[in-house]
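S.K.: structure of the sequence below:
(2 chains)
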Amino acid sequence: MIRARFAPSPTGYLHIGSARTFIFNWLYTRKHHGTMVLRIDDTDIDRNTSASLQSIYDGLNWLGLGWDEFYRQSERLDLHRQLAYDLLAKGLAYRDFTPASADLEDKPRGEGPWLCNPEMRGLSREESDRRAAAGEPFVIRFRVDRDPGYEVAFQDEVYGAQSKLTADIEDFALLRSNTMPTYHLASCADDIDLRITHIIRGQDHLSNTFKHILLFQAAGAPIPRFAHLPLLIAPDGSKLSKRRHGPVVSVTTYRDYGFLPLGYINFLCLLGWSPKDNREQMTLYELESAFSFEGVNRSNAVVNFSDSDPIDPKALWLNSQHLRSIGVAALAPLVRQSLAENGLQPYRDEDFFKHVVDTIRTRFSTLVDFSTKGRAYFSDDFDIDPKAQEKLDVPGARELLHELAERIAANPEFTEASVERDLRKLADERGVKAGVLINASRAALTGQPVGPSAFAVFTCIGRERVIQRLRKV
RNA sequence: GGCGCUAUCGUCUAACGGUUAGGACGGAGCCCUCUCAAGGCUCAAAUAGGGGUUCGAUUCCCCUUAGCGCUACCA
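M.R.: Next comes the predicted model:
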């Protein structure tokens, strides 16, 4: 039984790189009928905020994939401490009484890495116990094997064979002097307790994995499989950060921009992973069946945004593909919600609403487009685009539109075909090209110079409003 | 500095050592057409550099360069 976890720390919003990690974990567990664990890694009490936790939920809920089990590390601190003390008792860890403030001075850089403080590492058990009992603060450190030539090795599902000399690994901290577990301790203790079989996470943890394996071994626990994912980076090669790159790093930005969850999921999947058969637009099920670590790349992927355009053009393209291909029944509620968020209450009945959505969606790329470019379909209060205005300003166009209004009013039939007949007949009688009247009609009815076939527009606006808008022009 | 990882069109990527180095986005153009999209077709665009190994390297090895990560009582 496969068990994987997504373990964000609530110190910011849900980062798009984290979202992708979540998605890959989800895809993998779903594909193998495993269990997806969501674990909030909140052991850094100074940096955690509830707003951040909320934003993580918001992002995850928007993606809509869900999870099977949920834990918060802050509620499991005793478990973490237990492991630290077990290791201490076994001599696999030791107390370091060096004051935290002196850390930087005690760890000179430049010549080589800081590995440990031999004096503390060599403290006798009696001495260590005595000082602890006397109330002296300490940090518990893992006692890394110092035998030259001893190495930790593992087979990463993505990066292949990995190994590192333990001589190059420092005696990392497990339990802080304030008794809070460090990330390494909490993470491994929980992974053991939750029986995690696959750790799928960002490549920034690749080097940490050696420490984690040491911990798993010391705890006598089975070592999970590891799959590290290449990072998502900015066009300049730097890592995505809120301070430098702004909202492009937060998933909620894409939600607010009008992305379909599936459109964005699909986009994220294609960053650092490929089905290797040239497919791009894929359904969730297709992604699930195609996903494998073999398809995961090893080099970082650039999210292609710029100052002038905060959205990666490929993301937009993929979203538009999904927008026009998912079932109308699934799309309609999303459009309705988006319209409502923009203060528009579509007045159509459900079937008619779906018909309209289906007609206009092929030239939109986000949900928000329905409220902007598509505003006239859902409200009488819309602006006339300057280019649309030009089509109305063609000499004689207004008179023709007024006349068209009367002909439609006089014709009890109102279908694409009947309107087309009325319009072409009128154009013919007045000796103007049908195109002029067609384009002017679209401009008058929607305020837009572009859009679906004009006759389809007529039926989408509805007979009454068509007559109204044509007369008013 | 030490350790680890990575390197194919502008971007995302494909290519059991043998391909005119493929696809997609974006760009340019053509067709279609009531507009704009969509769709169809065409064009421009890449193996970081240097050494090896090999009959033959995008592919394997080494070096250089560049980028990223870890090197915290952050995660």
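S.K.: pretty sure A:Phe6 contacts A:Leu65?
M.R.: No. Using C-beta atoms under 8 Å, A:Phe6 is not in contact with A:Leu65; the gap is 10.0 Å. C-beta here means a position set from N, CA and C on the backbone, and glycine is covered the same way.
S.K.: which neighbours do these two share?
M.R.: Taking C-beta atoms under 8 Å, 6 or more residues apart in numbering as the contact definition, A:Phe6 and A:Leu65 share the neighbouring residues A:22, A:26.
S.K.: those two - which one has more neighbours?
M.R.: Each of A:Phe6 and A:Leu65 had its neighbours counted (other C-beta atoms under 10 Å), and the higher figure belongs to A:Phe6 (25 against 19).
S.K.: who's in contact with the more buried one?
M.R.: The contact partners of A:Phe6, taken as C-beta under 8 Å, 6+ apart, are A:18, A:21-22, A:25-26, A:36-39, A:67.
S.K.: near RNA strand B, which residues of the stretch 251-400 of chain A show up?
M.R.: Where the stretch 251-400 of chain A comes near RNA strand B, counting by C-beta under 7 Å from any atom of the strand, the residues are A:270-274, A:276, A:278, A:280, A:295, A:297-302, A:304, A:312-314, A:316-317, A:324, A:362-363.
S.K.: in strands, which of those appear?
M.R.: Here DSSP state E is the test, and those give A:301-302 as lying in strands.
S.K.: which of the residues of the stretch 251-400 of chain A next to RNA strand B count as buried?
M.R.: In those, burial by neighbour count holds for A:270-274, A:300-301, A:312, A:316, A:363, counting by 16 or more other C-beta atoms under 10 Å.
S.K.: of those, which pair is most distant in space?
M.R.: By the measure C-beta to C-beta, these have their two most distant members at A:Asn300 and A:Arg363, which lie 34.4 Å apart.
S.K.: restricted to strands, list the contacts of A:Phe6.
M.R.: When DSSP E defines the strands, the subset of these inside them is A:36-39.
S.K.: hey, which helix or strand in chain A has the poorest pLDDT?
M.R.: One helix or strand of chain A scores below all others by mean pLDDT, DSSP states H and E: helix A:103-106, with a mean of 50.
S.K.: which residues of chain A score low on pLDDT?
M.R.: Counting by pLDDT under 70, chain A contains low-confidence ranges at A:101-111, A:347-348.
S.K.: again, only using 80
M.R.: Residues of chain A meeting the criterion pLDDT under 80: A:45, A:100-113, A:242-243, A:346-348.
S.K.: so it: which segments form each domain?
M.R.: Domains of chain A are assigned by automatic domain parsing as A:3-74+A:230-321, A:76-229, A:383-473.
S.K.: so what's A:Ser18 up against?
M.R.: The neighbours of A:Ser18, taking C-beta under 8 Å, 6+ apart as the test, are A:6, A:8, A:202.
S.K.: give me that answer again for 10 Å
M.R.: A:6-9, A:12, A:56, A:59-60, A:201-202, A:232, A:249, A:251 (C-beta atoms under 10 Å, 6 or more residues apart in numbering).
S.K.: top of those residues by number of neighbours, please.
M.R.: Highest count within these by other C-beta under 10 Å belongs to A:Val251, 27 neighbours.
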